[in-house]
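In: For reference, the sequence and a predicted model appear below.
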Amino acid sequence: MPDTTEMPNSPAPLLPPPWHSDDRSRPRIRDVRVILTAPEGTRLVVVKVETDEPELYGLGCATFTQRPLAVATAIEEYLRPQVIGRSVHDIEDLWSMLAVSSYWRSGPVLNNAMSGLDMALWDAVAKARRVPLWKLLADRYNGGKFDDKAWVYAAGGYYYPGKDLDGLQDEMKHYLDLGYSTVKMKIGGVPLADDLKRIEAVLKVIGGKGENLCVDVNGRYDLDQALACGAAIAPYNLRWYEEPLDPLDYLLHAALATRYAPPLATGENLFSMQDARNLIRHGGLRPDRDVLQFDPALSYGLVEYLRTLAMLQRHGWSGRRCVPHGGHQFALNIAVGLGLGGNESYPDVFAPFGGFADDCPVENSLVRLPDIPGVGFEAKSALYRVMRPLAEG
Ligand SMILES: [Mg+2]
């Protein structure tokens, strides 16, 4: 079937859309480039949007660790030709065009490709306005209101060969030393009795406060296992019990939610507004306590995430119930600018994407964002070292 998309170097539309002022017709996208890199063994796909304004560019992350070449091809061969010549301010329109142009939607390759391009466009737009992304989002969508700091927690507690209870406790002490008060650990990888020992070991380190500990099953339990674990951990009053079940089995979630009263969390494996809507409609989750972890960098970008937030509002959910998965600078901007509940962070894994801007320490599990234009990649030196070759190349 012939590809009906415009070819590279095709001219910009003769007239800008009538709802655009001249101000929004520039800067225009001159090129979209992709860099594949693997700092510390983590395969990353970085997207750069170049504009017709010298020095003005946007950066995004389209990382799909296991399929980087597929994502790179999707961007270079299919998305890039459609956006060259368009204004960076046309993000929503570009997003819709890219989403429908393949007819078949969803799936992790296009999803990550579009998320990375979306992120780079938002970075470029905020830079064009000379404001941080969180400020742009607050002004455009949140009546100018923003949070001074984002609530963050340290995700870790993985199972590693040879890692015993002392090792787990040392890891959690390290997170407390870094300024976190809330931590998360994996469970579900060993018999429940062993996981309960691990949970109690971590509770000891964090002063016995269950509200400062989250546990994450990564979808490994069936309903009986989830209920058994839920009954065992309920007395700890944990902050939340994450992805106990198959993330796409909404009926199972509804069954669990009728019998496990404390907070549940899920959503990192849902990749569109429609997926999120099915969870909200059928998953039995409770807007007064449960936590939604849709990740804007894994689910078609911020344009789609804004639609997800609007859907949540229509169903009676506050944005404060959203704590995106992933621990990246993009979601941090969104959390602060749109008043979400906070953001995940990975102090010790997924370097250099985990962590925060250089001069923004975590204090009592709160962190502020840098006041520089765009997403703020340039203020995080370990990350920007990776991006610099593309940014300046
Ligand atoms: Mg998780």
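Out: Received the coordinates, thanks.

In: Show me the helices in the chain, by range?
Out: 68-73, 80-83, 91-101, 108-129, 133-141, 165-177, 192-205, 223-233, 250-259, 273-282, 301-314, 329-338, 381-392 (DSSP state H).

In: ok now the third one, how far from the chain's centre?
Out: Using C-alpha atoms, centre = their mean, to the nearest Å, the mean C-alpha position of helix 91-101 is found 20 Å from that of the whole chain.

In: What of the first one?
Out: Taking the mean C-alpha point of helix 68-73 and that of its whole chain, the gap between them comes to 20 Å (C-alpha atoms, centre = their mean).

In: List the buried residues in it.
Out: For helix 68-73, a neighbour-count test (16 or more other C-beta atoms under 10 Å) marks Pro68, Ala70, Val71, Ala72 as buried. The way it works is simple: take the backbone N, C-alpha and C, and place the C-beta from them, glycine included.

In: coming back round to it: what would the helices of the chain look like in CSV with distance to Thr42 and mean pLDDT?
Out: Output for these, formatted as CSV (distance: least, C-beta to C-beta, whole Å; pLDDT from 0 to 100):
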stretch, distance to Thr42, mean pLDDT
helix 68-73, 10, 96
helix 80-83, 24, 97
helix 91-101, 26, 94
helix 108-129, 14, 95
helix 133-141, 23, 97
helix 165-177, 19, 97
helix 192-205, 26, 98
helix 223-233, 30, 98
helix 250-259, 31, 97
helix 273-282, 26, 97
helix 301-314, 21, 96
helix 329-338, 16, 95
helix 381-392, 10, 72
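
In: Mean neighbour count, the ones you listed: which tops it?
Out: Of the helices of the chain, the one with the most neighbours on average (mean count of other C-beta atoms under 10 Å) is helix 329-338, at a mean of 28.

In: thinking again about what came up before, columns distance to Ser299 on top of the buried residues of helix 68-73, output as CSV?
Out: Below are the buried residues of helix 68-73 laid out as CSV (distance: C-beta to C-beta, whole Å):
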residue, distance to Ser299
Pro68, 18
Ala70, 17
Val71, 14
Ala72, 19
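
In: Among these, which one sits closest to Val336?
Out: Comparing these against Val336 with C-beta to C-beta places Val71 closest, at 27.5 Å.

In: Roughly how far does Met114 sit from Tyr305?
Out: For Met114, the distance to Tyr305 equals 12 Å [C-beta to C-beta, to the nearest Å].

In: right, I mislabeled it, should have said Glu344
Out: Taken as C-beta to C-beta, the span from Glu344 to Tyr305 is 15 Å.

In: Surely Thr42 touches Thr65?
Out: Yes. With contact defined as C-beta atoms under 8 Å, Thr42 reaches Thr65; the gap is 6.7 Å.

In: re earlier: compare the helices of the chain and give me the one nearest Leu366.
Out: Checked against C-beta to C-beta, the stretch from these lying closest is helix 329-338, at 10.8 Å.

In: Next, the contact list for the residue nearest the centre of the chain, please.
Out: The residue lying closest to the centre of the chain (C-alpha atoms, centre = their mean) is Asp295, at 3.4 Å. By C-beta atoms under 8 Å, 6 or more residues apart in numbering, the contact list for Asp295 reads Gly267, Glu268, Pro324, His325, Gly326, Ala331.

In: Serialize those to CSV and add fields for distance to Leu252.
Out: Compiled in CSV, those are given as follows (distance: C-beta to C-beta, whole Å):
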residue, distance to Leu252
Gly267, 15
Glu268, 17
Pro324, 23
His325, 20
Gly326, 24
Ala331, 27
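
In: residues of stretch 356-375 that come out buried?
Out: 356-357, 360, 362, 365-370, 372-375.

In: Pipe those into JSON lines and attach pLDDT and distance to Gly208 per row.
Out: Shown next, in JSON lines, are the buried residues of stretch 356-375 (pLDDT from 0 to 100; distance: C-beta to C-beta, whole Å):
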{"residue": "Phe356", "pLDDT": "83", "distance to Gly208": "28"}
{"residue": "Ala357", "pLDDT": "83", "distance to Gly208": "33"}
{"residue": "Cys360", "pLDDT": "87", "distance to Gly208": "29"}
{"residue": "Val362", "pLDDT": "94", "distance to Gly208": "22"}
{"residue": "Ser365", "pLDDT": "96", "distance to Gly208": "17"}
{"residue": "Leu366", "pLDDT": "97", "distance to Gly208": "22"}
{"residue": "Val367", "pLDDT": "95", "distance to Gly208": "25"}
{"residue": "Arg368", "pLDDT": "93", "distance to Gly208": "29"}
{"residue": "Leu369", "pLDDT": "91", "distance to Gly208": "32"}
{"residue": "Pro370", "pLDDT": "90", "distance to Gly208": "35"}
{"residue": "Ile372", "pLDDT": "94", "distance to Gly208": "40"}
{"residue": "Pro373", "pLDDT": "95", "distance to Gly208": "44"}
{"residue": "Gly374", "pLDDT": "96", "distance to Gly208": "42"}
{"residue": "Val375", "pLDDT": "93", "distance to Gly208": "38"}
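
In: farthest pair in those?
Out: Across the buried residues of stretch 356-375 (C-beta to C-beta), the longest gap, 26.9 Å, separates Ser365 and Pro373.

In: Nearest residue to Val109 in space, please, no chain neighbours.
Out: Nearest non-adjacent residue to Val109, counting by C-beta to C-beta, 6 or more residues apart in numbering: Ala70, 4.7 Å away.
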